[in-house]
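*Asks:* Return a 3D structure for these sequence lines:
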Amino acid sequence: MPDDQVDGHRRVVVECVQPQIDCGEFAIKRVVGESVVVEANVFADGHDQVACHLLYWCECDKVVHSAPMEPVGNDRWRGEFPVLRVGRYGYTIEGWIDRFKTWRDDLTKRIAAGQEVHVDLLIGAQIVQDVAARSTGKDADLFRRCIERMRDKKDQESGKKTALDPELLKAVQRYPERHLVTQLEKRLGVVADR
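*Replies:* Numbers count the residues shown, from 1 in each chain. I've put the predicted structure just below:
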């Protein structure tokens, strides 16, 4: 899909990033061994759940690392990364719609309301199957077992329990669906001194 068409489908907004100096024109400073704590407003239209990561790198090795960001309330997210040696670092934030978490939250509400959820479990099984295609090892086996339980029409209680299992949520979050990710356009900088 050409970039101009993809941009119209990106629904996540990343703004109000801190720390930055003069809208990112100048690098912030840290001492080797300190952490850089980064906060940003990350949100989307509608009620879909978002997820975001902090991407950071040392300019001396160009390897990009990723750290999950956690919500701190009112669309504000926080993450951090260490500066381990003298030099320049860069960082940015990317966010996307978390389909599994959105589906899981909706399922929780439907179960609490006593609604029939067989179709919802089938939708969730398809989402987990999409995640399984990106997974490896023990996680792939976990996803396969969960998909079978969620599709079993005869034992919906097991399917519900499986769908809401915190271990499944953690496993799914190890393989984020970064399709239509929104990344902060500006690369921000850090100078680490002794």
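
*Asks:* Mind jotting down where the strands sit in this protein?
*Replies:* 12-18, 28-31, 35-44, 50-58, 65-68, 70-73, 76-82, 87-97, 182-183, 188-193 (DSSP state E).

*Asks:* Give me the mean pLDDT for the shortest one.
*Replies:* The predicted model gives strand 182-183 an average pLDDT of 93.

*Asks:* ok, residues contacting that strand?
*Replies:* Strand 182-183 is contacted by residues R10, R11, V12, V13, V14, L55, T92, I93, E94, G95, W96 when judged by C-beta atoms under 8 Å, 6 or more residues apart in numbering. To be clear about C-beta, it is placed using only N, CA and C from the backbone, and glycine gets the same treatment.

*Asks:* okay, which residue is most central for this structure?
*Replies:* Compute the mean C-alpha point of the chain, and by C-alpha atoms, centre = their mean the closest residue is A51, 3.2 Å away.

*Asks:* returning to that earlier point: which one, of the strands of the chain, ends up nearest to H118?
*Replies:* Across the strands of the chain, H118 has its closest neighbour in strand 87-97 (24.4 Å, C-beta to C-beta).

*Asks:* Show me where this structure dips below the pLDDT cut-off.
*Replies:* When residues are selected by pLDDT under 70, those of the chain lie in 1-9.

*Asks:* same thing but at 80, please
*Replies:* Along the chain, segments meeting pLDDT under 80 span 1-10, 62, 178-180.

*Asks:* care to break it down by domain?
*Replies:* Domains of the chain are assigned by automatic domain parsing as 3-98+179-193, 99-173.

*Asks:* ok so, going back, can you put the strands of the chain in CSV and add distance to S135?
*Replies:* Shown next, in CSV, are the strands of the chain (distance: least, C-beta to C-beta, whole Å):
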stretch, distance to S135
strand 12-18, 23
strand 28-31, 35
strand 35-44, 25
strand 50-58, 17
strand 65-68, 17
strand 70-73, 23
strand 76-82, 23
strand 87-97, 18
strand 182-183, 24
strand 188-193, 32
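
*Asks:* nearest to R145, of these?
*Replies:* Of these, nearest to R145 by C-beta to C-beta is strand 50-58, at 24.0 Å.

*Asks:* for the closest one, packing partners?
*Replies:* strand 12-18, strand 35-44, strand 65-68, strand 76-82, strand 87-97 (3 or more C-beta pairs under 8 Å, 6 or more residues apart in numbering; DSSP states H and E).

*Asks:* K138 is nearest to which of those strands?
*Replies:* strand 65-68 (20.2 Å).

*Asks:* can you give me how far the closest one is from the chain middle?
*Replies:* 10 Å (C-alpha atoms, centre = their mean, to the nearest Å).

*Asks:* any residues touching that strand, and which ones?
*Replies:* A51, C52, H53, L54, L55, Y56, W57, G79, E80, F81, Q173.
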